[in-house]
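Asker: one predicted model, sequence on top.
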Amino acid sequence: MNTPKIRVGVIGAGNVGLALVDLVNDESRSIALVDAATATLEVVQVAVRDTKKPRPGLDPALLTTDALALANREDLDILVELAGGIEPARTYIEAALRRGVSVVSANKALIAECGTELSQLAHENGADLFYEAAVGGGIPILRALRTSLAGERIERVLGIVNGTTNFILSKMTSEGSSYADALHEAQSLGYAEADPSADVQAFDAAAKVQILSSLAFGTELRGEEIAREGITGVRSVDVEFAQRAGYVIKLLGIAERVGEHGISRRAHPAMIPREHPLASVHGAMNAVFVEGAKSGPLMWLGQGAGGVPTATAVLGDVLHAARNRVSGRHDVPFSVDDRLHSIEVGEIASVFYISLDVMDEPGVLASVANIFGRHGVSIQSMEQSGFGDEARLSFVTHTALTKAVHATIDDLAKLESVDSIGACIRVVDGGVA
Ligand SMILES: NC(=O)c1ccc[n+]([C@@H]2O[C@H](COP(=O)([O-])OP(=O)(O)OC[C@H]3O[C@@H](n4cnc5c(N)ncnc54)[C@H](OP(=O)(O)O)[C@@H]3O)[C@@H](O)[C@H]2O)c1
């Protein structure tokens, strides 16, 4: 029997695109690839911006600068979008899907912005839209949620889904580096962009929370605001406090059920107990921790970035789309659960660590405690440290509503004896109420 041929077009031959073409053309894996795809994959064209750039291992005859023409090619079966950004990537993807061509993308920003709409367009045209590499790079978490856990009621998803910020926070924890030094090192090692804001301000993590939440709970992917706080305000003194108290600070992406139909989605730094499985995820590694009602806790760990690991997840999607195409079917997208509603972050209760730079004079503690009391935020423990200009008060609260804590912080900032609010970081799974 003749093996069918599946024609693949790739937009982007950067870190991931080049690695993908290498994986598809890897002779040593050809039998396994044919088995998985039930077809032979052929990369028919690769779109880039600049055809003159050196691209080791890539046949220059495959290159084009006309990505739209590639998306519209008559003979295409699968379009792989590895260019990034919202436009023109969205236009290329829509063009392909309208023609019934399946699409694989690693573009978290785009999927978080309009994934539900694009999935619907794919379905209407009998095509697939897969985006495993958009969350956790090489970690196959989306397919696990979509298939193995499809029947499970997921209660909560916690993720370390941004390698840059995990590298920075790990350096601050293990080597006592300042935020600025750790960021600089991340940039010089290629883990952080020259403009690191998408990572350190948690935009990237927030997009991934949206995608995880859509698969875990059935929330819509349409670019809603996710509550977001970055790591730029995390100081060495906070990292040291966390260590003394038995915690580590991580940037967590969180999606969780609140009551029957409430969902809270957010990305922010959090203190987690040293014994928590996520606490041992160091450097640029990523991990996703899922709590299922019946399965209990589950965790996936791996390389959340890097051309080759990310390309393995893209290849998995390409093989799945190819197999579907050969058998004349496509995956039906999950329904959006209309009963779900977003819970405002202010309504979420948590234990908080709050640190204040204060004047070194009598009576400060009493006035500070008074403000906590006025907002009904009760204090679990307090630490007084430093002298003179370095004087600091650090508190761990009992469980309190975020809006009460924010109101407390606003009033504390108005006190003359408080020089500045140093930190306000949630404690997740601290086991204290
Ligand atoms: N790198 C990772 O570790 C990683 C991990 C997970 C997900 N992703 C996602 O994977 C995607 C690709 O990332 P990457 O790191 O491979 O990016 P990259 O190295 O910057 O490569 C982007 C590629 O897209 C091409 N390109 C950009 N705009 C184009 C356009 N309008 N028409 C044709 N080609 C265009 C570029 O062409 P030129 O080479 O000519 O400039 C380049 O080859 C992004 O969505 C990213 O978020 C990346």
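Answerer: Looks like it arrived, so ask away.
Asker: all contacts plus neighbour counts: C-alpha atoms, from now on.
Answerer: Will do.
Asker: immediately after the helix or strand encompassing residue 184, which helix or strand?
Answerer: With elements delineated by DSSP states H and E, residue 184 resides in helix 179-188, which encompasses its position. Past helix 179-188, further along toward the C-terminus, the next helix or strand under DSSP H and E is helix 197-200.
Asker: and the following helix or strand past that following helix, how far out from the chain middle?
Answerer: Sequence order places helix 203-217 as the next helix or strand after helix 197-200, per DSSP H and E. Using C-alpha atoms, centre = their mean, to the nearest Å, the mean C-alpha position of helix 203-217 is found 6 Å from that of the whole chain.
Asker: can you check stretch 46-55 too?
Answerer: Per C-alpha atoms, centre = their mean, the centroid offset for stretch 46-55 relative to its chain is 29 Å.
Asker: close to the ligand, is that stretch?
Answerer: Yes. Under the criterion of C-alpha under 6 Å from any ligand atom, the ligand is reached by stretch 46-55 at 47, 48, 49, 50.
Asker: give the closest residue to the last one in space, chain neighbours not counted.
Answerer: Leaving out its chain neighbours, the residue that sits closest to residue 50 by C-alpha to C-alpha, 6 or more residues apart in numbering is residue 65, at 7.0 Å.
Asker: got the phi and psi for the one you found?
Answerer: Phi and psi for residue 65, reported as degrees, to the nearest 10, are phi -100, psi 0.
Asker: pretty sure it contacts residue 52?
Answerer: No. Using C-alpha atoms under 8 Å, residue 65 makes no contact with residue 52, being 10.6 Å away.
Asker: mind checking pLDDT for the residue lying farthest from the centre of the chain?
Answerer: Going by C-alpha atoms, centre = their mean, the residue of the chain most distant from its centre is residue 362, 45.3 Å out. On pLDDT, residue 362 comes in at 90.
Asker: okay, and it sits in which element?
Answerer: Under the criterion DSSP H and E, no helix or strand holds residue 362.
Asker: same check, this time on residue 324
Answerer: Take DSSP H and E as the rule and residue 324 turns out to sit in helix 307-326.
Asker: output that helix as PDB, nothing but the C-alphas.
Answerer: Listed in PDB are the C-alpha atoms of helix 307-326, where the atom choice follows Å, rounded to 0.1, in the frame of the first residue of the first chain:
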ATOM      1  CA  GLY A 307      14.000  25.700  19.900                       C
ATOM      2  CA  VAL A 308      14.500  21.900  19.900                       C
ATOM      3  CA  PRO A 309      12.300  21.000  23.000                       C
ATOM      4  CA  THR A 310       9.600  23.300  21.700                       C
ATOM      5  CA  ALA A 311       9.800  21.800  18.200                       C
ATOM      6  CA  THR A 312       9.100  18.300  19.700                       C
ATOM      7  CA  ALA A 313       5.700  19.500  20.900                       C
ATOM      8  CA  VAL A 314       5.000  21.200  17.600                       C
ATOM      9  CA  LEU A 315       6.000  17.900  15.800                       C
ATOM     10  CA  GLY A 316       3.500  16.000  18.000                       C
ATOM     11  CA  ASP A 317       0.800  18.300  16.900                       C
ATOM     12  CA  VAL A 318       1.800  18.000  13.200                       C
ATOM     13  CA  LEU A 319       1.700  14.200  13.500                       C
ATOM     14  CA  HIS A 320      -1.700  14.200  15.100                       C
ATOM     15  CA  ALA A 321      -3.100  16.600  12.500                       C
ATOM     16  CA  ALA A 322      -1.600  14.400   9.700                       C
ATOM     17  CA  ARG A 323      -3.200  11.300  11.100                       C
ATOM     18  CA  ASN A 324      -6.500  13.000  11.300                       C
ATOM     19  CA  ARG A 325      -6.200  14.200   7.800                       C
ATOM     20  CA  VAL A 326      -5.400  10.800   6.400                       C
END
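Asker: follow-up on the earlier one: between residue 65 and residue 52, who's got more neighbours?
Answerer: For residue 65 versus residue 52, neighbours defined as other C-alpha atoms under 10 Å are more numerous around residue 65 (15 against 9).
Asker: so who does that one touch?
Answerer: Residues touching residue 65, when contacts are defined by C-alpha atoms under 8 Å, 6 or more residues apart in numbering, comprise 47, 48, 49, 50, 51.
Asker: so who does the last one touch?
Answerer: Taking C-alpha under 8 Å, 6+ apart, we find residue 51 in contact with 60, 63, 64, 65.
Asker: what helix or strand does the residue lying closest to the second one once chain neighbours are set aside sit in?
Answerer: Meaning residue 63. Spatial nearest neighbour of residue 63, excluding adjacent residues (C-alpha to C-alpha, 6+ apart): residue 46 at 4.9 Å. Under the criterion DSSP H and E, the helix or strand holding residue 46 is strand 40-47.
Asker: tell me what that strand is packed against?
Answerer: Applying 3 or more C-alpha pairs under 8 Å, 6 or more residues apart in numbering; DSSP states H and E, one finds that strand 40-47 contacts strand 5-11, helix 15-24, helix 30-37, strand 63-64, helix 67-71.
Asker: just checking: what are the partner strands of it?
Answerer: Pairing partners of strand 40-47, with direction, according to DSSP bridges: strand 5-11 (parallel), strand 63-64 (parallel).
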